[in-house]
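Student: any chance you can model this:
(one chain, ligands or ions: 1)
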Amino acid sequence: MMKKHNKNPLCSKASPEEMAVDLKPFVDFQDEGLSLETLNKMIEKCLIPHLMRYDQPGFQSMFNAFPEEGAEFGAKIALSYNQGVTNWQVSPGGVMLEELCCKALCQLFGFSPNADATFMASGTYSNQEALYLALHKQAEKEGFNLAEKGMKGFKDPSRLTVLTSCDAHFSIKHAVRMLGLGEESLRFLAVDDNRRIDVNLMKETIKEIQDSKDVFCVFITAGTTSTGSVDSALPIAKICQEIGAWLHVDGAYGFAYSLVPKWKHLFSGIELADSLCWNPHKQLGIPIPNSLLFVRQWEYFGRMTLYSDYFNRREDPEPSPGLKSPPSTRPFSALALVTSLRHQGMIKVIQRLRAPLIAIKILYDNLRNDSDIELCHQPDTGILCFRIIPDSFPEKELDKLQRYIYDKIMTERERTISLTKLDDKAVLRVVAISPAVTSEALMETISNVRALAREYKLEK
Ligand SMILES: Cc1ncc(COP(=O)(O)O)c(C=O)c1O
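Tutor: Numbers count the residues shown, from 1 in each chain. Coordinates of the predicted model:
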């Protein structure tokens, strides 16, 4: 029998205006201070009800997770010492732990002994730095140093092209904007039925543009945001080698699943990538922000390095993680990740990762023969996109129906789902991130979707 679903909202139903009223006292900066006890009461009454409960089975929309117990423990210690992990002089223990953690992660994921990593503030910044490194390599091919000359060093910057999937995360757009390449430098590749980059079409695109464009970077995704699909790294890595392009893998969401034995094959060839981004602040429940950028050769980070006279000095022999990315004040991100992995042990970590994958797979198997649900892809990871199509429902109103259902569910706040577009059609999307999201909880969402579809009134 199906379990009764949780009737408590995941978050208050307050409107933005009502919420602003509740929260206003927090920003009423007065000459006199408040006791921590008073602040605590204010927080419990006015703030906590408005925060989203990522730990509930009904939270099925985004990649957020409550902190894992071991991660929370480490994060509290990092917070109480507020270490700035830039160089040896400012936090010897923080620096050494970060260096050891990066090396150990490279080994855990099967990267080459020459690989290295750095903690970053978010996947968006990891992706941006990767693209900058790729551009550096292209500049070196053209015989100049990008750090010195900038974009004007390129003979014809309008030739510079990044290939990526039409389903890539929008952080790639931020990256090309911030680097001065502009969105026109992006060439979006078509995807196959499973929403992975269509490798044959990719080859054709390269042939088509090779005389007019320089493809200096191919940006693939290991777990796309919309469908969780994993682009095929192995054949794409071979193409990148042939054309001399940098291969970046955006594994912000999906890369963690390469640790799960039955899913590992999806990631084959990823070790050939020049760089890879991964966000432990997603399904692993490491406190936000926690992202990593990996590079195949540690020397690549040299392209980021800026020495200064007061610290991060060239002659200092000790490690300086701050030489691998721009911020000079960096959080102690490694601690929460290592306390989480050590506290759980890898067996539990893998079980935690596997659970939502299985839940989504069961959901897919349950729905695949249902005529009122159109499944948009076969799930590679923990996401399923679908459209509800009631019997003889007019095609032209299908987008409105999906939107209606989404709005209703999000207003009720007993569960959350998401709405996105695939090939310009509105689709509903469920995500399983925490082990709390079981196949039963997902099936309850489907029942809810069906009930709402029945109550929808067609336009006259
Ligand atoms: C595939 C992918 N890449 C990049 C990002 C951006 O990461 P962040 O939100 O940490 O900036 C996301 C965020 O969801 C993502 O799903």
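
Student: was I right to think Val218 contacts Ala168?
Tutor: No - the pair formed by Val218 and Ala168 falls short of the contact definition of C-beta atoms under 8 Å, at 10.8 Å. All C-beta spots, glycine's among them, are computed from the backbone N, C-alpha and C.

Student: neighbour count: those two, which is higher?
Tutor: Set Val218 next to Ala168 and count neighbours by other C-beta atoms under 10 Å: Val218 wins out with 29 against 24.

Student: who are the contact partners of the more buried one?
Tutor: Contact analysis of Val218 by C-beta atoms under 8 Å, 6 or more residues apart in numbering lists 162-164, 236, 239-240, 245-248.

Student: which of these fall within helices?
Tutor: Of the contacts of Val218, the ones assigned to helices by DSSP state H are 236, 239-240.

Student: closest to the ligand among these?
Tutor: Comparing the ones in helices among the contacts of Val218 against the ligand with C-beta to the nearest ligand atom places Ile236 closest, at 16.0 Å.

Student: all helices of the stretch 301-450 of the chain, in order?
Tutor: 333-344, 346-367, 398-412, 439-455 (DSSP state H, counting those that start in this stretch).

Student: hey, which of these is tucked in deepest?
Tutor: Highest mean neighbour count among these (mean count of other C-beta atoms under 10 Å): helix 333-344, with a mean of 22.

Student: is it anywhere near the ligand?
Tutor: No - applying C-beta under 6 Å from any ligand atom, one finds helix 333-344 separated from the ligand by no less than 12.2 Å.

Student: just stretch 53-73 next, same as before
Tutor: Yes - residues of stretch 53-73 contacting the ligand under C-beta under 6 Å from any ligand atom: Phe63.

Student: what residues of that stretch count as buried?
Tutor: For stretch 53-73, a neighbour-count test (16 or more other C-beta atoms under 10 Å) marks 53-54, 56-68, 70-72 as buried.

Student: what's the answer for stretch 133-152, then?
Tutor: Residues 133-139, 146 are the ones in stretch 133-152 that count as buried (16+ other C-beta under 10 Å).

Student: highest neighbour count among the contacts of Val218?
Tutor: Neighbour count (other C-beta under 10 Å) singles out His248 as the most crowded of the contacts of Val218, with 30 neighbours.

Student: my guess is that one meets Ile270, correct?
Tutor: No - checked against C-beta under 8 Å, the pair His248 and Ile270 is beyond contact range at 10.9 Å.

Student: which neighbours do the two share?
Tutor: With C-beta under 8 Å, 6+ apart, His248 and Ile270 have common neighbours Leu276.

Student: surely Phe109 meets Ser258?
Tutor: Yes - between Phe109 and Ser258 there is a contact under C-beta under 8 Å: 6.7 Å.

Student: who has more neighbours out of those two?
Tutor: Ser258 (24 against 21).

Student: gap between that one and Thr339?
Tutor: Ser258 sits 22 Å away from Thr339, going by C-beta to C-beta, to the nearest Å.

Student: ends of stretch 405-418, how far apart?
Tutor: End-to-end span of stretch 405-418 (C-alpha to C-alpha, to the nearest Å): 10 Å.

Student: need the residues that contact it.
Tutor: Stretch 405-418 has contacts (C-beta under 8 Å, 6+ apart) with 5-13, 52, 58-62, 388, 419, 428-431, 441, 444-445, 448-449, 452-453, 456.

Student: need the ones in helices among the contacts of Val218 in TSV with distance to the ligand, can you?
Tutor: Shown next, in TSV, are these (distance: C-beta to the nearest ligand atom, whole Å):
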residue	distance to the ligand
Ile236	16
Ile239	21
Cys240	19
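
Student: from the residues you listed, which single one is nearest Val21?
Tutor: Comparing the ones in helices among the contacts of Val218 against Val21 with C-beta to C-beta places Ile236 closest, at 51.7 Å.

Student: quick one: residues contacting the residue lying closest to Pro261 once chain neighbours are set aside.
Tutor: Distance criterion C-beta to C-beta, 6 or more residues apart in numbering; nearest residue to Pro261, sequence neighbours excluded, is Ile350 at 7.6 Å. By C-beta under 8 Å, 6+ apart, the contact set of Ile350 is 259-261.

Student: measure Ile350 to the ligand for me?
Tutor: Between Ile350 and the ligand the computed distance is 21 Å (C-beta to the nearest ligand atom, to the nearest Å).

Student: please shift the residue numbers so they start at 588 in all later answers.
Tutor: Understood, numbering begins at 588; the last thing we discussed is Ile937.

Student: quick check: phi and psi at the residue of the chain found nearest the ligand.
Tutor: In the chain, the residue that lies nearest the ligand is Gly710 (2.5 Å; C-beta to the nearest ligand atom). The phi and psi torsions at Gly710 (degrees, to the nearest 10) take the values phi -60, psi -30.
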